[in-house]
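1. need a 3D model of the following:
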Amino acid sequence: FRAEVGFDSSGNAIVVWEQYDSNTVSNICANRFNGTSWGTAELIETNNAGSAFRPQIAFDSSGNAIAVWRQSDGTRYNIYANRFNGTSWGTAELIETDNAGNAFRPQIAFDSSGNAIAAWYQNDGTRSNIYANRFNGTSWGTAELIETDNACLV
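-> You can find the predicted model right below:
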């Protein structure tokens, strides 16, 4: 199992983790600490095609958070994200659409204006490349290849 924790500026926290269900599929769950007590753990992804791994979480300055993870669609691993709006989780969404190969080790970070960038590496069958997608405070953009130097291997 893998767990990650993030804090907002008010002392609230969210922990995200991998948890196996009764079908031996790994899911991504989360629980929020409101500065005084813990809430109820909840599933934040619903794609049961395959297991989900390596969740990461980050907060913006307004108490919103985004969790990212890698999840299998039954054929390959993709990168998904879900946003916590300060009160509740939204719907998990696919944020990378390059069908080149498996995606690995997503990371997420916010700037002071509530924008976020998720980055990961993805294998195209020949080498691993670095991709990123930007959240503009409202929605995700399009995943972009940001590392194109064939001499720079991951």
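2. residue contacts, the residue most central in space within the chain?
-> Nearest residue to the geometric centre of the chain (CA atoms, centre = their mean): Val68, 0.3 Å. Taking CB atoms under 8 Å, 6 or more residues apart in numbering, we find Val68 in contact with 55-57, 79-81, 95, 106-108, 118, 120. No exception for glycine: its C-beta is placed from N, CA and C like everyone else's.
3. run a quick neighbour tally on the nearest residue to Trp140 once chain neighbours are set aside.
-> The shortest distance from Trp140 to any residue other than its chain neighbours is 5.0 Å, reached at Ile95 (CB to CB, 6 or more residues apart in numbering). Neighbours of Ile95 under the rule other CB atoms under 10 Å: 25.
4. Ile95 reaches Tyr131, doesn't it?
-> No. Contact criterion CB atoms under 8 Å: Ile95 and Tyr131 do not qualify, at 9.5 Å.
5. give me the common contacts of those two.
-> Contact criterion CB under 8 Å, 6+ apart; residues shared by Ile95 and Tyr131: Ala143.
6. element containing Phe53, please.
-> In this structure, Phe53 is located in strand 52-59 according to DSSP states H and E.
7. and the pLDDT for Asn136?
-> In this prediction, Asn136 carries a pLDDT score of 97.
8. ok, it to Asp111 distance?
-> Here the criterion is CB to CB, to the nearest Å. By it, Asn136 lies 11 Å from Asp111.
9. residue contacts, Gly35?
-> With the criterion set at CB under 8 Å, 6+ apart, Gly35 makes contact with 10-12.
10. burial of Ala132, as a residue count?
-> Summarising burial for Ala132: neighbours were counted as other CB under 10 Å, giving 17.
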